[in-house]
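[1] let's see this in three dimensions:
(one chain, ligands or ions: 1)
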Amino acid sequence: MKGLWGKLLRVNLTDHTYAVEDVAEDVARATLGGKALAAHYAIREIKRNTDPLSPENILYLFTGVLTGTPAPTGNRFVAATKSPLTGSFTDSYGGGFWGPELRFAGYDGIILEGKSKAPVRMHITDDKVEFLDAAELWGMDTWETTERIKELQGKTPRPIKVLSIGQAGERMALLAAIIADARAAARGGVGAVMGSKNLKAISVLGSKRPQLAMQKEFMTLVKEQNMRLNKNPVTSDALRYRGTPNILLGVNAAGGLPTRNFQTGQFEEAEKIDGEAMRKELWNDGRNWHPCWNCTIKCTHFHVLDAPGYEGKIDDGPEYETTALLGSNCGISDIKAISLADYIIDGYGMDTISLGNTIAFLMECYEKGLIGKDMTNGLDLRFGNKEAWMAAIHAAGKGEGELGRLASNGVRRAAEEIGQGSADFAAHTKGQEMPAYDPRSGQGTALSYARGIRGADHLKPWVFNKEWLTSGERTDPFSTEDKPALIKRDDADSAILDCICVCRFVANELNLENDFLMLVNAATGFGYDLQEFLDIGERAINLARAFYSREGFGRREDVLPKRFNTEPLKDGLAKGNVAKIEEMIGRYYELCGWDDNGVPTKEKLRSLGLDFVIDILYGEGGPVETARAA
Ligand code: SF4
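    Residues are numbered from 1 along each chain as shown. Below you'll find the model as predicted:
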């Protein structure tokens, strides 16, 4: 097979064994790796009602067909599993270098089953797979873990690449992330699943390169695409010099910047934390680049920390989401402090989006008198109190006290415990905390969050861009009419990028039909036509949605918390707006080929070649039939 290796490493952590297994060519062709391939395995292999933190759950670390190839930003891997945060399928992505290195070792992915009796780490060098004692690493943060593993492995022909969890993952905190090369596969608690298996880290060193069907044609495309990326104003200037926070003032103008736990959508100190401030104050005029593998966009910048105790340490970032949710959403405007927090949270191995949200939620609860100092580890946890905010971050990372427990397990659990109406302003859907765009600022963003299979999600798709930011195709943020079709189409298109595993930011210039279809055909020789290629995105979504439906979730969960439906936005261009999910959700299901409860119909599944999913969902005693009979 060309493009993909067609090889997966199946690991049994219970007895420290492994086997290399083939991916059938028809499965490779129908999925291209990444999200679709992971969902294909997950719905078959993870049994319904599996406890996400039990040995029976399975963690898939998969790459896509373009990972490790010369394709622009071909550097992603996905961590997919049953999420302990949401109870459904989750797929969380990381860039950097680890994914390409896994491909260089000759694998498209790793399937992690079972649970090691004691802390273990894996080291993979091409065909050699070792299981090594990780007792001395247990308790270390991800920075220390990476450095120590490099020391332990000694001199290697090229630097090894390390993926690991921090203390949060070890103790199975629900906001735990998997960290590789200072990039986080952060969402959905994937780090907790890795921790539940007592797996501390996987280091990799490979000596091969993915085989391409039409190498010369592929390289011609790559050259031309990189030239265009180097001319596009977003990919060659905005992201390159001001990183992802280059959009912060635009989001603020719309009224969509989460501020003090989404109580308002504009932050009075927004200019202090936007991309221009970072360029000048943190990133050496925007030239401290630290891009992921094979990326000319270079949105990631490093900042050399100077805080006491952290002098000389390097933070990669902070990114927009981190800046908004730990910054404006907590009432913090000190970008050096936000960068330090970013470094510390990466070390503990946590999701900055979810943690920023959860601390902000607790701040609102504290200010409203719903919790007292007995639940804040004695801290005066008010918005803007930088010392308390940093102490809360450490408490969450270490799981210290009541605050640590509450902050590290997300807003849904915290709201359930605190009660007193706090669930109305706990900013999540399905248990996953909201990204940094207030869903009241646009009906597309609102629908996107409400029906997100992995919970509130800006990447599946990033519709806020079309509502407020882009100079390209725009949509009226206040109209509900076009949003069901827009979300359906853009979600499927985005899902293809998650299968082939490239960074979303290339889509500022490159498109599916003229760029990625051609790259994929040159890589694989499969000769896809456009429709067959587009079907891969829909297939990925329907596999994930079928997993969601099988766990008993449906329309009841495709909602937003009360604040976003009833409290109009207070500021910005979207002032006065609330989310109108009920006007859109039925039409959205219809366009997706799902029933009134949002369950993929047999006809839809059959049209995507997913007949085996029909048996899982609708077979005798299957969840859909059982629910109907009840
Ligand atoms: S644009 Fe940024 S996140 Fe995307 S691959 Fe490049 S450096 Fe990584």
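[2] what residues does the stretch 251-400 of the chain have near the ligand?
    Taking CB under 6 Å from any ligand atom, the part of the stretch 251-400 of the chain that reaches the ligand is made up of 291-292, 295, 297-300. C-beta: built from backbone N, CA, C; applies to glycine.
[3] per-residue pLDDT, the nearest residue to P55 once chain neighbours are set aside?
    Spatial nearest neighbour of P55, excluding adjacent residues (CB to CB, 6 or more residues apart in numbering): K115 at 3.8 Å. Confidence at K115, expressed as pLDDT, is 98.
[4] related to what we said a few turns ago, nearest to P623, of the residues of the stretch 251-400 of the chain next to the ligand?
    Distance to P623 across these (CB to CB) is lowest for C292, with 38.8 Å.
[5] let me know the distance separating G94 from T67.
    Between G94 and T67 the computed distance is 11 Å (CB to CB, to the nearest Å).
[6] the more surrounded of these two?
    Taking neighbours as other CB atoms under 10 Å, G94 and T67 compare with T67 leading, 32 against 26.
[7] give me the common contacts of G94 and T67.
    Taking CB atoms under 8 Å, 6 or more residues apart in numbering as the contact rule, G94 and T67 both touch 76-77.
[8] spell out which residues of the protein are next to the ligand.
    Applying CB under 6 Å from any ligand atom, we find that the chain lies next to the ligand at 73, 75, 95, 291-292, 295, 297-300, 503, 505.
[9] ok, so of those, who is nearest V463?
    Using CB to CB, the residues of the chain next to the ligand come closest to V463 at F505, 15.7 Å.
[10] quick one: low-confidence parts of the chain?
    Residues of the chain that meet the criterion pLDDT under 70 lie in 621, 625-630.
[11] centroid residue for it?
    For the chain, the residue nearest the mean C-alpha position is S92 (3.7 Å; CA atoms, centre = their mean).
[12] what's the helix or strand for it?
    strand 89-94 (DSSP states H and E).
[13] again with E590
    Assigned by DSSP H and E, E590 falls in helix 585-592.
[14] now do the helix or strand just after that helix: which elements does it pack against?
    Following helix 585-592 in sequence order, the next helix or strand is helix 602-607 (DSSP H and E). Helix 602-607 sits against helix 530-550, helix 611-618, with contacts defined as 3 or more CB pairs under 8 Å, 6 or more residues apart in numbering; DSSP states H and E.
[15] tell me, how many residues neighbour D334?
    Neighbour tally, D334, other CB under 10 Å: 16.
[16] D595 now?
    17.
[17] can you tell me the closest non-neighbouring residue to it?
    That would be T601: by CB to CB, 6+ apart, it lies 5.6 Å from D595.
[18] list the contacts for the one you found?
    The contact partners of T601, taken as CB under 8 Å, 6+ apart, are 593-595.
[19] change it to 10 Å
    By CB atoms under 10 Å, 6 or more residues apart in numbering, the contact set of T601 is 542, 589, 592-595, 607, 614, 617-618, 624.
[20] which among the residues you listed end up buried?
    542, 589, 592-595, 614, 617-618, 624 (16 or more other CB atoms under 10 Å).
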